[in-house]
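S.K.: the following comprises the amino acid sequence and a computationally predicted model.
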2 protein chains.
Amino acid sequence: MKRENTYIAIMAGGVGSRFWPYSREMRPKQFLDILNVGKSLIRLTFERFLNLVDADHIFILTNEKYRALVKEHLPEIPNENIIGEPSRNNTAPCIAYTALKLHNLNPEANMVVAPSDHVILKETEFLNKIKSALQFADENEALLTLGIEPSRPDTGYGYIKREGPELKLGSYKVERFTEKPDKQTAQSFLDEGSYLWNAGIFIWKTKNIIASFQQNANQIIETLTEDISQLNTEGETEYIKRVYPNTESISIDYAILEKAKNVYTIPADIAWSDLGTWNSLHAYLDKDDNGNVISKNSTLLFDVKNSLVKLPEGKMLVAKDLEGYFIIDDGQVLLIYPKEEEQAIKQVRQSIDDQNFL
Amino acid sequence: MKRENTYIAIMAGGVGSRFWPYSREMRPKQFLDILNVGKSLIRLTFERFLNLVDADHIFILTNEKYRALVKEHLPEIPNENIIGEPSRNNTAPCIAYTALKLHNLNPEANMVVAPSDHVILKETEFLNKIKSALQFADENEALLTLGIEPSRPDTGYGYIKREGPELKLGSYKVERFTEKPDKQTAQSFLDEGSYLWNAGIFIWKTKNIIASFQQNANQIIETLTEDISQLNTEGETEYIKRVYPNTESISIDYAILEKAKNVYTIPADIAWSDLGTWNSLHAYLDKDDNGNVISKNSTLLFDVKNSLVKLPEGKMLVAKDLEGYFIIDDGQVLLIYPKEEEQAIKQVRQSIDDQNFL
């Protein structure tokens, strides 16, 4: 693939509601340094693609209200590369608009669509797969989605079923997409071996995705091309503000990928996570210990004074800086409460009983 | 640097005490898939270095009792590349032993020493910096440590002070190392601009690190070379089992880096984290309106703020008047500890070990 024909479209419109309230609407997940590495997820995504193209070939698709945040996190991006959706009409109109804009800039454009709030630890492998996908998309009029090799029967992801033998550049034809499955179905996908996770990373030539929109979701293209001469001009913002809200609100998966016949996938082993639910940390924290058993009730207390401790036999307490507390664990309820408020404890206990919590 | 002269030594002996009680001794952090990407931290570290060398040039330095776990996670590694320390004598003897072994295999060997339980998101940049460091170490008889550009006044890391102008390949002379600073000092380091985080990633020729040991910590080299002809033979295991426990237990920082005159650093912007503390976990997890992190439990909280609560599923917490605490119950141990004293949790763990509680 020629570097000058390659463009990146980073999807950054999400409001991160699953992270609420830590990630409130005005500071969604992509703008947070979730891994504490000194960079937000959108910054990491941007820098990852700088290995492929220059900043002026990277476009950010976001809600108009996040424009200032995007500029703060990605000051290298030219203003005109920040595409603000006037309304939230799901992913299909947003991708169609960007494809039309890029195609207007460069009729030979290839685009990579990628989320802004995922992590990818195997960057080298990721970049190699993207390069393969760009080449395959160029030579085969194909729409490609990167397929993540699944490592567990996750019920939080959509799945891609690949079919047939491996084609050129490590690619496969896609047989179908599957919505988030139940646990049993997810396990059968894993056992079957030809299913991949859909990470929302797409690779195609703008002319091919536009053709597919015309065939499968023409309302969107017709609405956006009412006056196509406005794209990449000073009138674009006003024009888009007027026509965009009239596009059908639909995801790219429904509008295109589940209908088009020329959809392919390249499986990729890139250590990916959408960090979407913190299952990771829950899974990690939930881990049982198979080894050591505490044979007696023991405590390690530092500056714990005037407190009453009652724990199940064999359980250990490690505590610091507590004065005048009840620390009571009856196996079902853990109570850590100021001793002087004994009366309140009774009321609390009563309200627990009343609400049938236990 | 010639690929055939390059060797990687991955340090995997840690027992992960800062993650205690969720990472107990038999399953330390490097063997956990903390980010839920389908690969453990040691696996990610191994695959990162496969971009530089083949598996037979990667050595794992671990405690003898983790040998089976290492083989499970890294089946490609030849048995003889898993170096089990017979005793926990800190990092200097372990690195000296590995350097002697590699030097015996190849007198022109260069080695990279790296921890097994960190994350690096900017892999391409990391690999470029390692290549620069290998070249600089080869041409300048230098001992190099990668310096992480600090993004906040972290009090949990050691700092490197670089001095003078930039030298070849983006390197600087190291003026001194500084232990974990207090908050005010850390902030002054950040403001001053010439301080970097010490990530424990070292690059040097084996002949130069061995020479530095001879000059600065000769007891270790003398002890390990009593009969150097045993290295890389069938007799090595028995030999090392006998002599290794007699080496001085000291860190590579104290033994070499703070004394040697030929220490250099290459600053690296690689989106690094040691994932070392509960505080970082706290940053990842969802928070309620008072800044508390709580996993799926029913709670009745009164004036409980900025705390991390983790209880067995279904268990209820009733608490009042706690600010900034870890409240962690793994079924066997109940921990109620000020969050700001996370470093102390490590010491607590040590004293539990010393008392044979577990």
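M.R.: Nice, thanks for sending it over.

S.K.: quick one: contacts for the residue lying closest to A:Pro181 once chain neighbours are set aside?
M.R.: Nearest-residue entry for A:Pro181: A:Thr155, 6.1 Å, with adjacent residues in sequence omitted and distances by C-beta to C-beta, 6 or more residues apart in numbering or on different chains. All C-beta spots, glycine's among them, are computed from the backbone N, C-alpha and C. Residues near A:Thr155 by C-beta atoms under 8 Å, 6 or more residues apart in numbering or on different chains: A:Lys180, A:Pro181, A:Asp182, A:Lys183, A:Ala186.

S.K.: restricted to helices, list those residues.
M.R.: A:Lys183, A:Ala186 (DSSP state H).

S.K.: now rank the contacts of A:Thr155 by neighbours and give me the top one.
M.R.: A:Ala186 (21 neighbours; other C-beta atoms under 10 Å in any protein chain shown).

S.K.: right, and it touches A:Ser151 too?
M.R.: No. A:Ala186 is beyond contact range of A:Ser151, at 11.7 Å (criterion: C-beta atoms under 8 Å).

S.K.: residue ranges with poor pLDDT in the stretch 251-358 of chain A?
M.R.: Within the stretch 251-358 of chain A, the stretches with pLDDT under 70 are A:276-299, A:342-358.

S.K.: what does the stretch 101-250 of chain A have sitting close to chain B?
M.R.: A:Val119, A:Ile120, A:Leu121, A:Lys122, A:Glu123, A:Thr124, A:Leu127, A:Glu149, A:Pro150, A:Ser151, A:Arg152 (C-beta under 8 Å from any C-beta of the partner chain).

S.K.: now do the contacts for the nearest residue to A:Lys310 once chain neighbours are set aside.
M.R.: Nearest-residue entry for A:Lys310: A:Ile328, 4.7 Å, with adjacent residues in sequence omitted and distances by C-beta to C-beta, 6+ apart. Residues in contact with A:Ile328, defined by C-beta under 8 Å, 6+ apart, are A:Leu308, A:Val309, A:Lys310, A:Leu311, A:Leu334, A:Leu335.

S.K.: again with A:Asn106
M.R.: A:Glu4, A:Asn5, A:Tyr7, A:Thr206.

S.K.: how near is it to chain B?
M.R.: Remark: distance between A:Asn106 and chain B (C-beta to the nearest C-beta, to the nearest Å) = 26 Å.

S.K.: got the phi and psi for that residue?
M.R.: The phi and psi values for A:Asn106, taken as degrees, to the nearest 10, are phi -150, psi 100.

S.K.: hmm, back to that, looking at the contacts of A:Thr155, spot the one nearest chain B.
M.R.: Nearest to chain B among the contacts of A:Thr155: A:Ala186, at 14.2 Å, using C-beta to the nearest C-beta.

S.K.: and the gap between A:Ile83 and chain B?
M.R.: With C-beta to the nearest C-beta as the criterion, A:Ile83 and chain B are 25 Å apart.

S.K.: right, I mislabeled it, should have said A:Lys65
M.R.: Going from A:Lys65 to chain B by C-beta to the nearest C-beta gives 23 Å.

S.K.: run a quick neighbour tally on A:Ser229.
M.R.: 11.

S.K.: next one: it from A:Thr98, what distance?
M.R.: 18 Å (C-beta to C-beta, to the nearest Å).

S.K.: equivalent analysis for A:Tyr172, please.
M.R.: Taking C-beta to C-beta, one finds A:Tyr172 at 26 Å from A:Thr98.

S.K.: what's the answer for A:Asn79, then?
M.R.: 16 Å.

S.K.: these two: who's more crowded?
M.R.: Higher neighbour count among A:Asn79 and A:Thr98: A:Thr98, with 22 against 8, using other C-beta under 10 Å.

S.K.: tell me the SS of A:Val174?
M.R.: strand (DSSP: H, G, I helix; E, B strand; the rest coil).

S.K.: which residues touch A:Leu231?
M.R.: A:Leu100, A:Lys101, A:Asn104, A:Tyr239.

S.K.: top of those by neighbour count?
M.R.: Counting neighbours by other C-beta under 10 Å, A:Lys101 leads the contacts of A:Leu231 with 23 neighbours.

S.K.: now do the same for that one: its pLDDT.
M.R.: Turning to A:Lys101, the model gives it a pLDDT of 97.

S.K.: hang on, it in a helix?
M.R.: Yes. Counting by three-state DSSP, A:Lys101 is located in a helix.

S.K.: picking up where we left off before, pLDDT for the contacts of A:Thr155 - can I get that in TSV?
M.R.: Shown next, in TSV, are the contacts of A:Thr155 (pLDDT from 0 to 100):
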residue	pLDDT
A:Lys180	87
A:Pro181	91
A:Asp182	89
A:Lys183	86
A:Ala186	93
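
S.K.: A:Asn110: which of the contacts of A:Asn106 is nearest?
M.R.: A:Asn110 lies nearest to A:Asn5 out of the contacts of A:Asn106, by C-beta to C-beta, at 5.6 Å.

S.K.: would you list the phi and psi of that closest one?
M.R.: Here A:Asn5 shows phi and psi, under degrees, to the nearest 10, equal to phi -100, psi 0.

S.K.: quick check: it touching A:Val112?
M.R.: No. Judged on C-beta under 8 Å, A:Asn5 makes no contact with A:Val112 at a distance of 11.7 Å.

S.K.: taking the contacts of A:Thr155 together, which two end up most distant?
M.R.: A:Lys180 and A:Lys183 (10.7 Å).

S.K.: can you point me to the longest helix in chain A?
M.R.: helix A:123-140.

S.K.: which part of the stretch 1-150 of chain A gets nearest to chain B, residue-wise?
M.R.: Here the residue of the stretch 1-150 of chain A nearest chain B is A:Gly38; by C-beta to the nearest C-beta that distance is 2.7 Å.

S.K.: about what we covered before: okay, the contacts of A:Thr155 in TSV with distance to A:Ser251 next?
M.R.: Listed next are the contacts of A:Thr155 as TSV, based on distance: C-beta to C-beta, whole Å:
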residue	distance to A:Ser251
A:Lys180	13
A:Pro181	18
A:Asp182	21
A:Lys183	24
A:Ala186	21
